[in-house]
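how would this look folded up:
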Amino acid sequence: ANKSTDTKAKAKKGVVSKADVALSYIRKLYRVESNLADKTDAERLTARQEISVPLLNEFKQWLETNAARIMKGGALRAAIDYTLNQWPYLVGYCERGDLMISNVMAENAIRPFAIGRKNWLFADTRKGAEASAACYSLIETAKANNLDPQAYIKHILDHIAVADTLEKLEALLPWNV
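This is a model prediction of the structure:
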């Protein structure tokens, strides 16, 4: 029998693992977010309060009930304990409509730093390392503000020589361009 048939046979017998149940809750939460992708922050917040919060409460209850049934030391128990310990952070996105369910955008934003980490070992001086950090910060902040980093750096270089006041310098910040 093929894998698809085996899975269907297990489902017919009612054999569903606890991990499958937990993943089912997570899939439902992501499905809600997928349906809210084109909504305003206010609409997203309302929907989360009406749909996601009750689902999260149900998930938490399931986690607490099943944590007591699973022996300590196993991977599933560690995952349940971790989820329960991080609960306030997990549900935080439901308190605001502008937050995302996942931190993948933040992880993508810091990826260049993780990749460049080994290169920074070769900064000969403290000032060189600080200059590199400043450049990375400008580029990543430009990206976060939906600017083309190369065009933004050119804009800064074209205008910084005449930026002789704090106001003129602040006008060069990515969110002001």
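
CA only for contacts and neighbour counts going forward, please
Will do.

flag the shaky bits of this protein, pLDDT-wise.
Counting by pLDDT under 70, the chain contains low-confidence ranges at 1-13, 118-120.

quickly note the distance from the residue nearest in space to the middle of it to Ser52.
With distances taken as Cα atoms, centre = their mean, the residue of the chain nearest its centroid is Asn103 (0.5 Å). As judged by Cα to Cα, to the nearest Å, Asn103 and Ser52 stand 17 Å apart.

can you check Phe59 too?
Phe59 is 10 Å from Ser52, where distance means Cα to Cα.

same check, this time on Asn145
29 Å.

more neighbours, those two?
Counted by other Cα atoms under 10 Å, Asn145 and Ser52 do not tie: Ser52 has more neighbours, with 21 against 15.

now for the spatially closest residue to Tyr152 that is not a sequence neighbour, how many residues are close by?
Spatial nearest neighbour of Tyr152, excluding adjacent residues (Cα to Cα, 6 or more residues apart in numbering): Ala142 at 6.9 Å. Neighbour count of Ala142, defined by other Cα under 10 Å: 21.

list the contacts for Ala142?
For Ala142, the residues meeting the contact criterion (Cα atoms under 8 Å, 6 or more residues apart in numbering) are Asp148, Pro149, Tyr152, Pro174, Trp175.

ok, residues contacting stretch 97-105?
Tyr30, Glu33, Thr40, Asp41, Ala42, Glu43, Arg44, Leu45, Thr46, Tyr93.

which of the residues you listed sit farthest apart?
Across the contacts of stretch 97-105, the longest distance by Cα to Cα is 18.2 Å; it joins Tyr30 and Ala42.

host element of Glu140?
helix 126-144 (DSSP states H and E).

please consider this matter closed, and thank you.
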